[in-house]
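*Asks:* predicted model follows, preceded by the sequence.
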Amino acid sequence: MHAILQGKRLIAFDLDGTLIDSVPDLAVAVRHALDDVGLPVPGEERVRDWVGNGAQVLIERALTWALSVAPGQALQATAYEAFMCHYAAAPNALTQLYPGVRTALHDLYKAGYSLVLITNKPERFIAPILGHFDLLPLFTHCLGGDSLAEKKPSPLPLLYMAQRLDTPPSASVMVGDSRHDIAAGKAAGFTTVALPYGYNHGEPIEHSQPDLIISSLLALTE
Ligand SMILES: O=C(O)COP(=O)(O)O
Ligand SMILES: [Mg+2]
C-alpha cells in the first residue's frame, strides 16, 4: 500500500473523471436535451469542461453557451428534465472505467479499508452505473450531489461519511479529479489524492495543491 494510506481507514472516491470516463454518455444526453429545446448542440470537448458541479450546473452551462446569456428558470427546468430522461436511458452506453480502477478498488477493499463514493452526480445514477461495472458491493455508502443539503466543494458530504463510519477526518482520504474534490477534502480535514486524467474545467489539478497526485489508482495499492 502507498505510504499515504498509513493509519487511514476510510477512503472516499469521486465518480466522474476518477473512476469512470462518463463524458461520452453525458455529452450525448446534453446534446439531446439542447436539441429538444431547439438550441444548437455542443461538442463533447466542451461538455468535458462543464462537468463537476452536478447536473443542474452542467445544463445551466450548456444553455448559457447556446444562448450566450444565462437561461431563464422555465427553460432550465425543461432542459434539465430532458437531460435526466436521456441520461437515465443510457448512462453506460459509452462510459468506461479508467485503467486500474477495478483492481485497485478490489485490493483496497480486501485490505480492509471502508470505501465510500461521494459524487456530485444525481444520486439516482450511482447504483445503475456502479452496478453495471459490478463495483457497487465494494462501497459501504454512496452519496450523490442531491443527497444532502450541500455538495462538493462543501465538506459536508465528507464529514457526514466520516461521522457515519465513526472515523476521524485524520484517518480519512478523499480521492478525486477536480478542484471541488480537493477543496472539499481539505475543508473536511481529509488527506487529498488527485488524479490528473479527469475533468477539472481545463485547469491542472496541481493548482489545487492536493497532498498527492497519482497517474492511476493502482499507485495507491502498489
Ligand atoms: O456530475 C458531476 O458534475 C460530477 O460528478 P463527480 O463529483 O463524480 O465528478
Ligand atoms: Mg469528478
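*Replies:* Now that the structure is in, tell me what you want to look at. Ligands and ions are numbered 1, 2, ... in the order given.

*Asks:* what about the strands in the protein?
*Replies:* Applying DSSP state E to the chain gives strands spanning 10-13, 20-21, 96-97, 114-118, 141-143, 172-176, 191-194, 212-213.

*Asks:* list just the one of those that sits closest to Asp134.
*Replies:* Each of those was checked against Asp134 via C-beta to C-beta, and the shortest separation belongs to strand 96-97, namely 10.2 Å. (Glycine included, C-beta is placed from N, CA and C.)

*Asks:* what residues does that closest one touch?
*Replies:* Strand 96-97 is contacted from outside by 19-21, 133, using C-beta atoms under 8 Å, 6 or more residues apart in numbering.

*Asks:* now the strands of the chain as JSON lines including distance to Ala162, mean pLDDT and mean neighbour count?
*Replies:* Compiled in JSON lines, the strands of the chain are given as follows (distance: least, C-beta to C-beta, whole Å; pLDDT from 0 to 100; neighbours: other C-beta atoms under 10 Å):
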{"stretch": "strand 10-13", "distance to Ala162": "6", "mean pLDDT": "98", "mean neighbour count": "25"}
{"stretch": "strand 20-21", "distance to Ala162": "24", "mean pLDDT": "98", "mean neighbour count": "22"}
{"stretch": "strand 96-97", "distance to Ala162": "26", "mean pLDDT": "98", "mean neighbour count": "14"}
{"stretch": "strand 114-118", "distance to Ala162": "9", "mean pLDDT": "98", "mean neighbour count": "24"}
{"stretch": "strand 141-143", "distance to Ala162": "11", "mean pLDDT": "98", "mean neighbour count": "19"}
{"stretch": "strand 172-176", "distance to Ala162": "5", "mean pLDDT": "98", "mean neighbour count": "28"}
{"stretch": "strand 191-194", "distance to Ala162": "12", "mean pLDDT": "98", "mean neighbour count": "24"}
{"stretch": "strand 212-213", "distance to Ala162": "19", "mean pLDDT": "98", "mean neighbour count": "16"}
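
*Asks:* what's the closest of these to ligand 2?
*Replies:* Nearest of those to ligand 2, taken as C-beta to the ion: strand 172-176 at 5.5 Å.

*Asks:* out of everything not next to it in sequence, what's closest to whichever residue of the chain sits closest to ligand 2?
*Replies:* Using C-beta to the ion, Gly17 is the residue of the chain that sits closest to ligand 2, at 3.7 Å. The spatially closest residue to Gly17, leaving aside those adjacent along the chain, is Gly198, at 2.5 Å (C-beta to C-beta, 6 or more residues apart in numbering).

*Asks:* show me what from the chain comes close to ligand 1.
*Replies:* 14-17, 51-54, 58, 119-121, 178 (C-beta under 6 Å from any ligand atom).
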